[in-house]
Structures are given as C-alpha cells and as structure tokens.
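Trainee: Predicted model, plus sequence, below.
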Amino acid sequence: MRILNDIAIRAERLVKNYVTPGETLKILQGLDFEIEKSASAAICGQSGCGKSTLLNILGGLDTADSGKVIAAGQDISKLGEPALSEYRKKNVGFIFQFHYLLKDFTALENVMLPAFMTGIKKRAALERARGLLAELKLIERANHLPAELSGGERQRVAVARALINDPEIILADEPTGNLDPEHTGVVADLLFGIARKFGKTLIVVTHDARVASRASRRFTLAFGALTPAEG
Ligand SMILES: Nc1ncnc2c1ncn2[C@@H]1O[C@H](COP(=O)(O)OP(=O)(O)OP(=O)(O)O)[C@@H](O)[C@H]1O
Ligand SMILES: [Mg+2]
C-alpha cells in the first residue's frame, strides 16, 4: 500500500445514480481511482458514460451517492458546501469544454476573478494574472474581450484562469473538444507542460487519442468503472 502522502486524489467505491421519472441511471458503480501527486491521467470513454460526472465529483462540484473522495488530505465527500467551496477554490483548477469566460470582462479580468474570490490583494492578483498570460503567450491580448479572441486564445485564457490560485490539482474536461488540430496541440502542450513544470496533478477527460497519449496513465470509463487503457 502506497503512503497516502504521495496520492493527490483517491476515489473509493464511488456510486452515482441519476433518478429520473422513468428510470434510474446507474452512472458510477463502485468506481475506484487514484492518482499520485504531479502525475497525469487521461480518461476516455463513450459519450454519456459518466466522465464529466466523475470529474465534477473529484473536483467537489458534485457529490456521489456513496463512496469517498480523499483529496487535499481530507475526505471531501463528508464536507458541507462552505468547506467544499474552500476546497475548490484553494486546491482545484477547472478547465471546461466550453471556456465559460465572462463576456463583459477582459482576458486579464477573467483570469483575475478566481483570485479575488480567495481574498488575494488586487496588486498580487494582477501581477500573477499578467505572469500567467505572458507564460501562455497572451500578454498582448490581455485587454481583449472574449469575443475579440480566437477559440485557441480563449481556451488559453481559461487555462490561465484555472491556474491563478496555484491549484495542486488541474481537472480538464475535454479541453480541446472545440479546437482544430493545431490548437489542440497548442493547448495540450500547454496543459501538460505547465503540469510538469510546476508539479501539478492533471486529470484530463478527452476523446482525442493524441491528447490522451501525453498522460502518464490512461483509463477507459465504461460500465461505471475505470480500467487501464491499452498501450
Ligand atoms: N442531472 C442529471 N440528471 C439526469 N441524468 C443526468 C444528469 N447529468 C447527467 N446525466 C446523465 O448521466 C450520464 C453521464 O453524463 P456525463 O455528463 O457524466 O457523461 P460524459 O461521459 O461526460 O459524456 P460526454 O462525453 O458526452 O461529455 C448521461 O447519460 C447523462 O445523460
Ligand atoms: Mg462530458
């Protein structure tokens, strides 16, 4: 048994059902998963198999019906909303398939927003946001609104926003889902590059075999459980 300190997230026997008027959808059926700190994992699987559900549970955006999620040294499945919100803000950076940038805020302001929510001083947030935008080759676009950015640029802004609070864990749900092959490569380089450079733990849900191949471990989600992928 590995020492718990080496594990960034461990999920144990996660069960998640959606009860709808006609039927009960069994999504996660006793799923186990663990990832070491600073490692990367790719999760593939058919549409509707539960990948986003799993990522949301790992990130404290959703809760399982039963089972545990040990992350940041605690069982987050036992936390109430204020503590869960703290966990999200301090430990997790989310990158969604659709960037969800706020349309009336500039790239720089979008990146700074999560920092404000943790009470960081404006000057420190500004400095860090500018540093991240520079790292992502976006400093010249800092004052652009999302509508004035290309798809790849928007996704890079979303990456910067996910990193502003220096989270230990990065969860990315189809981060390249809407991008052409060139920008898929750019965003994948970025995500895996930053994770390696800063020792982040990265979990990526992806349909893209090339993106998945960058991860140190690959899994397929099917029938409510994860299995190591071939190759
Ligand atoms: N709130 C909900 N109520 C009922 N069913 C839901 C709810 N959220 C998701 N589902 C269903 O649960 C299943 C898993 O959804 P999920 O979004 O996790 O799939 P996914 O693997 O991320 O799919 P995709 O690759 O298309 O993004 C789907 O069949 C979906 O329709
Ligand atoms: Mg999904």
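Mentor: Received, thanks. Numbers count the residues shown, from 1 in each chain. Ligands and ions are numbered 1, 2, ... in the order given.
Trainee: which SSE is A11 in?
Mentor: strand 7-19 (DSSP states H and E).
Trainee: Would you mind pulling the contact partners of the helix or strand following that strand?
Mentor: Tracing the chain past strand 7-19, the next element assigned as helix or strand by DSSP H and E is strand 24-36. The contact list for strand 24-36 (Cβ atoms under 8 Å, 6 or more residues apart in numbering) reads 2, 6-19, 41, 49-50, 53-54, 57-58, 64, 67, 201, 203, 217, 219, 221, 223-226. Heads up, the C-betas are built off the backbone N, CA and C, glycines and all.
Trainee: next one: stretch 144-158
Mentor: Counting by Cβ under 8 Å, 6+ apart, 95-96, 99-107, 110-111, 133, 136-138, 141, 175-176, 178-180, 182-183, 186-187, 190 sit against stretch 144-158.
Trainee: For it, what is the distance to the chain centroid?
Mentor: 18 Å (Cα atoms, centre = their mean, to the nearest Å).
Trainee: For this structure, which segments count as strands?
Mentor: 7-19, 24-36, 40-44, 66-71, 74-75, 92-95, 169-173, 201-205, 217-222, 225-228 (DSSP state E).
Trainee: Quick one: the ones you listed as a markdown table, columns for mean neighbour count too.
Mentor: Shown next, in a markdown table, are the strands of the chain (neighbours: other Cβ atoms under 10 Å):
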| stretch | mean neighbour count |
| --- | --- |
| strand 7-19 | 18 |
| strand 24-36 | 17 |
| strand 40-44 | 23 |
| strand 66-71 | 18 |
| strand 74-75 | 12 |
| strand 92-95 | 23 |
| strand 169-173 | 24 |
| strand 201-205 | 25 |
| strand 217-222 | 18 |
| strand 225-228 | 14 |
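Trainee: Those into JSON lines, with extra columns for mean pLDDT and distance to ligand 1?
Mentor: JSON lines is the format used below for these (pLDDT from 0 to 100; distance: least, Cβ to the nearest ligand atom, whole Å):
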{"stretch": "strand 7-19", "mean pLDDT": "96", "distance to ligand 1": "3"}
{"stretch": "strand 24-36", "mean pLDDT": "97", "distance to ligand 1": "5"}
{"stretch": "strand 40-44", "mean pLDDT": "97", "distance to ligand 1": "9"}
{"stretch": "strand 66-71", "mean pLDDT": "96", "distance to ligand 1": "16"}
{"stretch": "strand 74-75", "mean pLDDT": "94", "distance to ligand 1": "22"}
{"stretch": "strand 92-95", "mean pLDDT": "94", "distance to ligand 1": "14"}
{"stretch": "strand 169-173", "mean pLDDT": "96", "distance to ligand 1": "7"}
{"stretch": "strand 201-205", "mean pLDDT": "97", "distance to ligand 1": "7"}
{"stretch": "strand 217-222", "mean pLDDT": "97", "distance to ligand 1": "7"}
{"stretch": "strand 225-228", "mean pLDDT": "96", "distance to ligand 1": "12"}
